[in-house]
Every structure is written in structure tokens, then in C-alpha cells.
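Asks: here are the coordinates; sequence isn't available:
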């Protein structure tokens, strides 16, 4: 092509580099793992979120009482959803850690990774089996078998990668203690499946013990991290250990890869936004027969019937989109994600995944004033929880701002106030809506929809408002400043030299 | 943190650069568009694919005849699926082109992009309304309104970006003819919506004309590209035009961004793989009552009942995974994607999206020997079409291999034979299975499952086999080579100096 090239909008150094380089690696079948990892992220995030569908599809006919059996069914399904989300997230975190060790892939590794994904996709099924039949040991047995299979595939991946060391991340590839590393990583990978093997054994004669063991497997990473953190607080900051293997242990507990956290979150937000449109398309295209009989052939009247659904859809899409937007803005200012931030992100995402439920609630019960108030409150609560956990990520990041945040977002940075306002908007709006429904309970749906429509505009005007406020502050300082002999240290200077580490 | 850092497995130059730089851009609220684009890709790919769900969820009770009305319903839904896929792909391509012009985003642009996404998610609904009620003009009217809304939002994005030129891609930002560029881009964006406005007008009194106009909108990019290609073939290769605006016209017809094609495809594969597990989880967890009454409390027996489902699930997941794998390998060797390759990729993806249907067919009709043969053949056909279009991408790329392929994958390159074998595997296997069902029609399901299980192993052994074959060839050449005075030009030399442009 002879025309000048438009530079690609995305700056994927790797893809371009490999396009221009003699691609010796590709010729040997060795590839950077970037695309495989984003595919895995997409797959895992969708699997984690998609279990909300059985919850939203729980059919409650209008005349049916919202009785014990329905409540029990709903509660079971919500529990399955939340636990599945957590379990898949744990599997995802393990996958992330594994591919921090394995830096490149070849065809065999790509196929092994697919096998690993396949076993992971089976987890939700075994888990819902386990919850539906809590007294039958088969469910937990299958679940444990699944975890063991995942462990076996991951162990295979590690063994294969250490057999061809050029596949490892450079740091390990050039280390002298490679054998020790392998031992150590295998130990970490096999830990969970070994516990599950014991659980599977127990399930045959004393299943409560298996549940206990299983809970240990799921919460192990968080517990061990929390323990390490407490120890570090009590004993003081960790010193660089003497042995290289210990350095490596530490490395494996490294903050999560920020890019993979983003990719996983994107997947969850994207699938949640799409579940909404799926419901619209499946349920709200009126039946040709109905239109003829009920509405005398008037399609407009038939569509008008499901008007509240569309309103709820727009509101929910806006909510999901803006929560993504807040997440996007937040991670733009984050340098690296620590483990607690990852956990908070998971919790936030789990509630984002609950948004289709909120949508279902507000649209399904829109005609029934009896349940209206309750469903609007549930929706407010879900939105509040999803957004407050985002806010908590930000708060946690501020605790270690030197490590985790970009200079401009730290205390006193130029974007600090704006980020704060952005993340506080949804928690405040949902709380406000909740409070309003307590006072004006008969207008609850109207309040909820007004909130969903007002927030996007608030986001659009937010920068303007914050800028105005800051300009006002600055003008005030300009007036007051000359009167004071010494300017306040920190705030102003730092904003001008954002590379300076923030004073702790 | 004091320990040495594990290098990130992914090489996102951009994210790292912004993490280390003083992030002046981020401080002004200007961001690289990378993450927003991958989120948009995920959203659009899921919307495109998710319309297969109404097709697979078409309920046909076992006793019901597969009669005309069901056939009509199924055909309608499949048509909706395919057309929706195409339409969303067109919208995606327009989005890609738009963000080749707009290089960076700020908060307002991110929000505008969300608004654009929201209008696009509404397309499938209006479209299925249009298909369900072809004679009622409301469907097409709403569809046109939707396209106009998308166009309006995109025009807003362009106007905003040209108002703050630092958001544009550098080439346009520093151009002297910026005003002309704006005019030109707006013209391209408004073209489709203007036609739709006319279609909406026609829909009020003479709707067949609107369908014609609408078809024009959808196929316009492909038609204009094909016309350009034909002209280029007839008149000869294009010369660099004199006016810069014309250069720009040419630029906008640039090959698609390879990374975005990959991201979109990943989304489709991921959602297809996940739809399968969703079906498993929703339908195959046996009911507690059923287990007690039908199977005397034996969960194993109840699960055994749906054994064929699990087999079909594993087979389908393997198929989707391996098609992704072939796609991944293919795009690893592709430097840039041209428009015809993009179209072929879309077609391949549309059939990949049909795989859940194949799964449903093979598992739902597994008990009914009457329809078994037919459903296995449909499945084979879907797999064949999905894989043959992948193969066609490769063939098309070979036509312009100097531009589109990495040196090692070109004719005579080291990976050429291997890539050929990889991409030919699924078309051959599905054809073979189809042929077998013609001969041994009573074993059709067994043949199909055997095929699905054999192919992964073939992939694992493929490199070995191809290597063996190549080593045999090389040994042969080693024996024959010294006897020949002059080695054959091209093939061997090129493999050794892969940077050399391939002889056309």
C-alpha cells in the first residue's frame, strides 16, 4: 500500500513488534500469550456471571404466592450464583498466577490451556448439583474430581513449561535454581487438589468433613494472604529474604496483573449488559397471534404494553455502562492491583452480575404495586453494594497510594477530588433513592427510574462541577495566598510535580 | 515492594508506558482508548452472537410434529440471527473505522461511546420485530430510527473530537486540512443514517422501498469495497493521489485493525463456548422430585439419563476451543487484515455462533433415531462451513501474502505447511464424518462423537506429523540437492531470510 499509514489507535507494542520483527519465535511455534490470556479472561468472566441467568429465569406466575418453596429456590440459586462466582474467580486468580510464571506459549500449551478451561467450565454444573442435593455425596465428589482435574492439567502445564525453559518468564528462565522453582510452584498448584482428594475420600463416608475441606480450598488464598498481611503489620515490613526461592515465593504473591483484572472485569460488565438485551429480545417481541386478538392488530399498542420493560432496560444498561465507566476511570489511575483490591473488585463484580436480577425485579413487578417497593429497594441495594465496593477499591488503593496509584490521583493530586466525586456518585444516588422510597413509598418506581436517568447527566456534568469547585478554591487561594507568608506544604507543590512521591 | 518484579506476561507497551510516565494525559482526563475499545468489542461480539439463543430455545416437544409452523418459526429465527450478526458486524466495522480517526478519549467521549453501544444493543430487538411482523411498517421504522440514532451519536463523537484536536489520531491532528477531513468523515458517517431516514419515510406509505434502502445500507461497505477492488484490477494499481484529502479517503479504507478483529472474534468464541455450559447448568441438574420418584433416589441413574448431553457438551466445547485455536494460530501469522478477510472472518464467526444449535440438535435428538441422521448432518455442515471460511481467510491472505502474512507463513516459509494442515483439519474431518454418515447411517451419532474426540488428538500430533513429513522432505532434498547444480530459487532462501519480501 502506498498511502501513509494511519497509526493504529491501540498501542499494542507486542503485536506491532512481532509484525515487524523476523518473527523467529512464531516460526518455532512459540507465541506471546497475550491473546490466549484475554480469551481465557473472557471465557472465565462469562462463566462466572452467566450463573445469574437461572436466578433471573426463576418463573413466578403472578397468581402464585411468593411462598416458602419459591423463596427457598431463589435463595438456593442466588447462593449458587455467588459461590460459583467466587470459585471461578479463585480459579481465574490461580490461572493468572500460573501464567505469570509461564511467559510464552506454544501449540501444546495452548491446547492444554483449552483443556484447563473446559474443566473449569464444568465447575458451575457440579456446584449446582452439590447445592441441589446437599445430602447426596455425588455432587461434592464430582466437584472435587473437577478441581483435581484442573490441578492435573495445570501441573502438566508447569511440567511442560519447565521442560522447555524458553517458555518460562525470563526471570525464571535465567535463574540457577530452576529446579527448586519448579518444586515450589508444583507444591502451590497441587495443594488445592490434594485437599480435594481428601474431601472426595471423606464424601464417601462422612460428607460434612468434605464441605469443610472444600471451604478451606476456596478461601485458602485469601486466608493465607490475610495472615501474611497481619504478620507483616505485627512484625514490621518484610525484609528481602536471603534465599532466592523465598524471593520467588514472595513473587508469586505479587499483586495481580492489572491488565488481566481489567480484562476479567470487562468481560463481566459486557456479559451483564448483554443479558439485559437478551431478555428484551426473547420476551418482548409480541406474539403475532396476541397482537391480532388482544390489540386488534395494533403493534404500537402491543409494544406500549411492555413499555416499562424498555424503560427498565435503558436504566439498567445505563447503570451497567456507568459502573463500567467508573471502573475504567478508577483503573486508569491505578498502577498495580494488590490482592485486597482484587478481592474487593471480585465482590463489586459479583453484585454487578446481580444487576439483571434488579432489572428483572423492577420490570416484572412493575405492575404489582404490592411488591414494587420491595423490588425497588432490592435494586437500590444491589447498585449500592456494587458501587460501594468500587469505592472501597479506591480507598484501599489510597492506603498504599505510593505503590498503587498514579501521582495525579493521590492525595492532593490534580485528579483526586474528581475521582472521589466519580466513585461516590452511585453510592450516594442509590442511597438517596433508597431513602426517598422510605418517605414517598407510593412513587418508588418513579424515583428509581428518575435516579437511573439523572445519574448519566450527573456524570456528564461532574467534571464541569468539580472543575468549577476547584477553580473557586484556587481563586480563593489566590486571594488568600499572598496574605499568608508560607504556602501550605504538600498539596499545591505535588500537583505541579506529579512524579514526586506522596508524603505518607 | 522490595522483591524483584516478575515481568508482566503480556506486553502492553501502552499501559506500562502510562504507568511509568508522569501521566500528564491522564491528569487532563485524556486516555488511550485501548480498554474502551476492547470493552466495546466484547459487548458487540456478545450482542451479535447471543441472538442464537432464541433459536436454540425454540421448544419442540417430542410428540409434536416437526411441521410447517415450527419450521417457519425456526427459519425466521435463524434468519434473524444471521442478519443480526451481519448488521452488528457492520456497526462494529463502522465503530472500528471511527476510532481509527479518534485516537484518544476523554470522559465525554467514553460516555458518548456508551450511548452509541446502547443504541446498537437495541438493533437486534428492532430487527426481530421487523422479521416477526414483516408487513407492519413499525418494525422497519424503529430499526431506521435506531440506525439514525447511532449515526447521530457517532457524528457527535466526530464533532467533539475535531473540536478538541488532541483527541484525534496524530496524523490528522497535525494535518493542515483538518476541516476537510472532518467534512469527509462526517459524510461517511451520515451516509447510512440518511438512507435510513429515507427508508423510514418510505415505511409510512410504501414499505418494500424501505427494505431495499435498508439492504443498501448494510451491504454498502462491501459493495463499495468490491467495486474499488474491481476498478483497481481493471485500471491497474492505484497511484498515490495528489490531494491529501484523497489520501485520507484511501486511509479510511485501510485494512481493519487486526487487534480489534481478534478481540471481536475472541468475544464470539468465548460466548459460544459459554452458551453451551449455560444450557448444561440450566437443563441437566435433575429435579429433586424426579430423582425421588423416577430413579428411586439414585442421583447417578438420573445423571446417567443425560449422559449424551455431557458427551455432546464436551464435543462441542472441544470444537469451539479448537476452532478458536486455529483462528489464533492463523492470526498469529497475519500481519494485517484486509476487508475481504474481515468479511470471511465474519462469515466464519456467524457459523461458529451456530454451533450451540448443533449441540442442541445432537443432544436433543440423540434419543430419537428418526431425526438423528439429519441433525448429525446439520452439525457437520455447520462445522464445515465455520472451518472452511477460516481456511478461506488463509487462502485470501496468501493472494497478497507480501502485505498480509508473516514471512514464515508465506509460500515456502517454515510454517506454511503446518498452517495449511492446521486449517485443513476441521474441514476434512467434518467432510469425512459427513461422508461416513452417508455410508453407515445407523452409526451417525457415534461417528460424529468419534470425530469430535479424535480431532483434538490430531491437533496435538499435527506438529509432530508435519515435522516428520518436512524432515523426510529435507532429508530427501539433502540426498538429491548435491546432485542438482542450482537449488530451486525462492522456497529455501526465503525460509532462511524471512525479512526478504516474497516474490509475487
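Replies: Now that the structure is in, tell me what you want to look at. A quick note: this is a predicted structure, and the numbers were derived from the prediction, not measured.
Asks: So, low pLDDT: which residues of the stretch 351-500 of chain A?
Replies: For the stretch 351-500 of chain A, the stretches with pLDDT under 70 are A:361-371, A:481-500.
Asks: Now do the one residue in it that gets nearest to chain B: how many residues are near it, please.
Replies: Here the stretch 351-500 of chain A gets closest to chain B at one residue, residue A:408, 4.0 Å apart by CB to the nearest CB. C-beta: built from backbone N, CA, C; applies to glycine. Residue A:408: 23 surrounding residues under other CB atoms under 10 Å in any protein chain shown.
Asks: buried set for the top helix by length along chain A?
Replies: Scanning chain A for the helix with the most residues, using DSSP state H, yields helix A:444-480. By neighbour count on 16 or more other CB atoms under 10 Å in any protein chain shown, the buried set for helix A:444-480 is A:444-445, A:447-449, A:451-452, A:455-456, A:458-459, A:462-463, A:466.
Asks: what packs against that helix?
Replies: If you count contacts as 3 or more CB pairs under 8 Å, 6 or more residues apart in numbering or on different chains; DSSP states H and E, helix A:444-480 packs onto helix A:307-332, helix A:369-399, helix A:416-439, helix B:107-132.
Asks: can you redo those as CSV with distance to residue A:352 and mean neighbour count?
Replies: Converted to CSV, these look like this (distance: least, CB to CB, whole Å; neighbours: other CB atoms under 10 Å in any protein chain shown):
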stretch, distance to residue A:352, mean neighbour count
helix A:307-332, 6, 22
helix A:369-399, 5, 20
helix A:416-439, 11, 18
helix B:107-132, 15, 22
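Asks: how about those helices, which one is nearest residue B:293?
Replies: helix A:369-399 (32.9 Å; CB to CB).
Asks: how about the helices in the stretch 51-200 of chain A?
Replies: A:52-56, A:68-101, A:107-132, A:137-163, A:170-173, A:178-203 (DSSP state H, counting those that start in this stretch).
Asks: Just put those helices in a markdown table and tack on distance to residue A:316 and mean pLDDT.
Replies: Shown next, in a markdown table, are the helices of the stretch 51-200 of chain A (distance: least, CB to CB, whole Å; pLDDT from 0 to 100):
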| stretch | distance to residue A:316 | mean pLDDT |
| --- | --- | --- |
| helix A:52-56 | 12 | 75 |
| helix A:68-101 | 17 | 80 |
| helix A:107-132 | 23 | 85 |
| helix A:137-163 | 33 | 89 |
| helix A:170-173 | 45 | 80 |
| helix A:178-203 | 36 | 85 |
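Asks: Which stretch among those approaches residue B:83 most closely?
Replies: Residue B:83 sits nearest to helix A:52-56 of all these, at 24.8 Å, using CB to CB.
Asks: touching chain B at all, the closest one?
Replies: Yes: Helix A:52-56 comes into contact with chain B (CB under 8 Å from any CB of the partner chain), by way of A:53-54.
Asks: Give me the buried positions along that helix.
Replies: A:52-56.
Asks: Format those as TSV; extra columns: distance to residue A:359.
Replies: TSV is the format used below for the buried residues of helix A:52-56 (distance: CB to CB, whole Å):
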residue	distance to residue A:359
A:52	11
A:53	12
A:54	15
A:55	12
A:56	8
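Asks: Among these, which one sits closest to residue A:173?
Replies: Among those, residue A:52 lies closest to residue A:173 (CB to CB), at 41.6 Å.
Asks: just checking, the closest one touches residue A:352?
Replies: No: with contact defined as CB atoms under 8 Å, residue A:52 does not reach residue A:352; the gap is 9.9 Å.
Asks: Can you pull the residues that touch both of these two?
Replies: residue A:272 (CB atoms under 8 Å, 6 or more residues apart in numbering or on different chains).
Asks: want to try CSV for the helices of the stretch 51-200 of chain A, with distance to residue A:219 as columns?
Replies: Converted to CSV, the helices of the stretch 51-200 of chain A look like this (distance: least, CB to CB, whole Å):
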stretch, distance to residue A:219
helix A:52-56, 22
helix A:68-101, 9
helix A:107-132, 15
helix A:137-163, 14
helix A:170-173, 28
helix A:178-203, 11
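Asks: Output the set of residues of the stretch 51-200 of chain A in proximity to chain B.
Replies: Residues of the stretch 51-200 of chain A lying near chain B (CB under 8 Å from any CB): A:51, A:53-54, A:57, A:99-103, A:107-108, A:110-111, A:114, A:117-118, A:121-122, A:124-125, A:128-129, A:132-133, A:136, A:138-139, A:169-171.
Asks: can you check the stretch 351-500 of chain A too?
Replies: The stretch 351-500 of chain A has residues A:403, A:406-408, A:413-415, A:418, A:456, A:459-460, A:462-463, A:498-499 near chain B, with proximity defined as CB under 8 Å from any CB.
Asks: and the two most separated of those residues?
Replies: Using CB to CB, those span at most 34.8 Å, a distance reached by A:456 and A:499.
Asks: chain center to stretch A:398-411, what's the gap?
Replies: 21 Å (CA atoms, centre = their mean, to the nearest Å).
Asks: Tell me if I'm right that residue A:453 and residue A:316 touch.
Replies: No: using CB under 8 Å, residue A:453 is not in contact with residue A:316; the gap is 11.8 Å.
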